[in-house]
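> Got a predicted model here, sequence first, then my questions.
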Amino acid sequence: MATPSPTSVRLPSDELREHLMVQVAKLYYDLEKTQSEIATEVGLTRWQVSRLIREARELGIVRIEIVPRSQRRPDLETALQKRFGLVEAIVVPGGYADDDGMSLDGVAQAAGQYLAGINPPVSLIGVSWGRTMAAVAHWLPPAWNDGVHVVLVNGATNVRSTSQQTNVVAERFARAGNGVATLLPVPAIVGKESTREALEQDPVIAAVLDLAEQAPVVCFSIGALSHHSVLVESGYLDTADIDALGRIGAIGDILGHFIDADGAIAAPELDSRTLGLRPESLRGKERAVCVSAGRAKHAVLRAVLKAGYANVLVIDAASAEYLIGSEHGR
């Protein structure tokens with residue numbers, strides 16, 4: 001009797017099918033045979049073998065566990081990527097109770113490692129400034145991107161000095177990567193819309209803004225609506241301004257632009273005086289990397305994702321659980 005062609009073999013059902021799944025799974029995962037080799041050995045087509053392997057995973061006959069050597073939460077990362085359609089999500093432990101400081105260090109270190117691991121390396125990268133971004137710069141591995149060109153994407157010339165140099169992030173990024181930095185030598189917020197327009201039309205400033213638009217990767221942090229924000233400490237706003245922003249629905253800022261819970265601009269008049277890359281420009285980036293740590297930023301983090309301003313997240317576990325829970329109505 002002639003041996004039946006593999007294409008004519010029908011897959012068995014129920015118990016026999018499960019035994020076949022186990023046999024195929026052992027050949028594939030334990031004995032490391034290709035699907036074509038397995039198909040020949042068991043008398044099935046390659047498509048049938050692929051289907052059995054997929055069903056074995058779906059039914060729990062095969063369980064794949066990702067155990068990273070570094071401290072990561074791949075379960076939360078996968079959930080975030082699926083829910084928000086992210087290119088990548090990196091979640092580190094922390095963000096609970098009163099560990100915001102430790103959480104920031106862990107998130108900043110993870111962000112530095114992520115940027116250093118982009119392959120192939122990106123020759124031009126945009127960065128914002130602030131406490132979180134200063135922490136990322138601190139944790140960048142030496143020579144993380146040799147010869148990188150870093151461009152500052154929003155104004156950072158302070159009105160008054162601060163105890164922490166949170167406005168020199170681009171220089172630190174460039175120095176750690178043996179590269180060069182192009183700065184945006186203007187304030188984050190000016191007093192008149194006409195002043196902003198005049199500055200943006202200046203050839204030197206326009207060239208920097210154009211470079212920021214060209215950068216395929218932008219790494220940025222977000223700011224909570226707080227009397228202790230870097231925009232207040234740097235002299236751009238005062239506590240009365242923050243209170244007024246809260247009354248009209250602002251929940252925080254991205255690149256110095258204050259947004260509401262939907263990610264829309266919350267204060268058009270203030271926004272008309274704000275210099276730098278606009279949030280909507282982030283939607284066109286290959287990687288818009290949002291780095292955030294701490295409970296105070298949960299609401300603005302959710303708004304950033306809702307508006308599609310980020311496609312890569314580096315956050316703490318508490319923030320990840322908040323985002324997933326809030327999407328399920330909790």
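Perfect, I can see it now. Numbering: from 1, shown residues only.
> Please make it C-alpha for all contacts and neighbour counts, starting now.
Noted.
> which helix of the chain spans the most residues?
Identified as the longest helix of the chain according to DSSP state H is helix 100-116.
> What residues of that helix count as buried?
Of all the residues in helix 100-116, those buried under the rule 16 or more other C-alpha atoms under 10 Å are 100, 103-116.
> which residues of the stretch 101-250 of the chain score low on pLDDT?
101-102, 160-166 (pLDDT under 70).
> how about the helices of it, start to end?
With DSSP state H, counting those that start in this stretch as the criterion, the stretch 101-250 of the chain has helices at 131-139, 169-176, 193-201, 203-214, 230-233, 239-247.
> what's next to the longest helix of the chain, contact-wise?
Outside helix 100-116, the residues that touch it by C-alpha atoms under 8 Å, 6 or more residues apart in numbering are 90-95, 132-133, 135-137, 139-141, 144-145, 291-295, 314-316.
> what angle do that helix and helix 169-176 make?
Counting by axes from the mean of the first three to the mean of the last three C-alpha atoms, to 10 degrees, helix 100-116 lies at 60 degrees to helix 169-176.
> Pull the distance from helix 100-116 to the chain's centre.
Its chain's C-alpha centre and that of helix 100-116 lie 12 Å apart, by C-alpha atoms, centre = their mean, to the nearest Å.
> Kindly calculate the angle that it makes with helix 131-139.
Going by the same axes, to 10 degrees, helix 100-116 makes 60 degrees with helix 131-139.
> for the stretch 51-200 of the chain, what spans make up the strands?
In the stretch 51-200 of the chain, the segments counted as strands under DSSP state E, counting those that start in this stretch are 88-92, 124-127, 149-152, 180-182.
> and the ones you listed, which is most packed in?
Across these, the average number of neighbours (mean count of other C-alpha atoms under 10 Å) peaks for strand 149-152, which reaches a mean of 26.
> helices and strands around it, which ones?
strand 124-127, helix 169-176, strand 180-182, helix 203-214 (3 or more C-alpha pairs under 8 Å, 6 or more residues apart in numbering; DSSP states H and E).
> list the helices and strands the third one packs on?
Right, the one you point to is strand 180-182. By 3+ C-alpha pairs under 8 Å, 6+ apart, strand 180-182 packs against strand 149-152, helix 169-176.
> cool, the last one as well?
Using 3+ C-alpha pairs under 8 Å, 6+ apart as the contact criterion, the elements in contact with helix 203-214 are strand 149-152, helix 193-201.
> Format those as a markdown table; extra columns: distance to Ala170.
Output for these, formatted as a markdown table (distance: least, C-alpha to C-alpha, whole Å):
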| stretch | distance to Ala170 |
| --- | --- |
| strand 149-152 | 6 |
| helix 193-201 | 20 |
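> right, and these - which one's nearest Pro121?
strand 149-152 (11.2 Å; C-alpha to C-alpha).
> what sits up against that closest one?
Residues from elsewhere that reach strand 149-152, judged by C-alpha under 8 Å, 6+ apart: 123-129, 170-171, 173-174, 179-184, 208, 211-212.
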